[in-house]
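1. A structural model of the following input is requested.
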Amino acid sequence: MHKYKELTVWKKAMDLVAEIYLETVTFPDKERFNLISQINRAAVSIPSNTAEGAGRNSDEEFRHSLSIAHGSSYKLETQLILSHKLQYVEEDKSNELLASIEEFQKMNYSLQSKFNV
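-> Numbering: from 1, shown residues only. I've put the predicted structure just below:
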């Protein structure tokens, strides 16, 4: 088992979730049960899967959970690109969030590659 609260990748993901939640409150009310819900769930999935994997019994299970978190980060990335296209997120903020996601993806991939499973 790994101490997920000490993992830099988990901390980065938690910061990202907070940024995402702060941004989605500015979306139109009509997106409350659509895009806002999708974005927030994808964002929360990233640190949640990281933590879940850290609590599993093997490195293989941890790596699998990191892989799921990785996929969620790409889902979130796509949803943010769409949000920008719909003019719900300004370009500067969109670029900032996308850069945070890319940083997470690099960190996560690096951590996954440390497991020889």
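2. only C-alpha atoms from now on, for both contacts and neighbour counts.
-> Noted.
3. the helices in this structure, which residues?
-> With DSSP state H, the ranges of helices along the chain come out as 8-24, 35-54, 59-85, 91-113.
4. His2: which of those helices is closest?
-> Ranking the helices of the chain by their distance to His2 (criterion: CA to CA) puts helix 35-54 first, at 4.8 Å.
5. give the rounded mean pLDDT of the closest one.
-> Mean pLDDT, helix 35-54: 97.
6. so which elements touch that helix?
-> Here helix 35-54 touches helix 8-24, helix 59-85, going by 3 or more CA pairs under 8 Å, 6 or more residues apart in numbering; DSSP states H and E.
7. returning to that earlier point: rebuild the helices of the chain as CSV, extending it with distance to His2 and mean neighbour count.
-> Below are those laid out as CSV (distance: least, CA to CA, whole Å; neighbours: other CA atoms under 10 Å):
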stretch, distance to His2, mean neighbour count
helix 8-24, 11, 18
helix 35-54, 5, 21
helix 59-85, 9, 19
helix 91-113, 12, 16
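8. gap between Ala43 and Ser113?
-> Distance from Ala43 to Ser113, counting by CA to CA, to the nearest Å: 22 Å.
9. turn the helices and strands packed on helix 35-54 into TSV, columns for mean pLDDT.
-> Converted to TSV, those look like this (pLDDT from 0 to 100):
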stretch	mean pLDDT
helix 8-24	97
helix 59-85	97
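10. nearest to Asn49, of those?
-> The nearest among the helices and strands packed on helix 35-54, by CA to CA, is helix 59-85 at 5.4 Å.
11. mind listing what the closest residue to Leu80 other than its chain neighbours touches?
-> Excluding its sequence neighbours, the residue lying closest to Leu80 (CA to CA, 6 or more residues apart in numbering) is Ser94, at 6.9 Å. Going by CA atoms under 8 Å, 6 or more residues apart in numbering, Ser94 touches Leu80, Ile81, His84.
12. same check, this time on Ile39
-> So, once contact is read as CA under 8 Å, 6+ apart, Ile39 ends up touching Ile20, Leu76, Gln79, Leu80.
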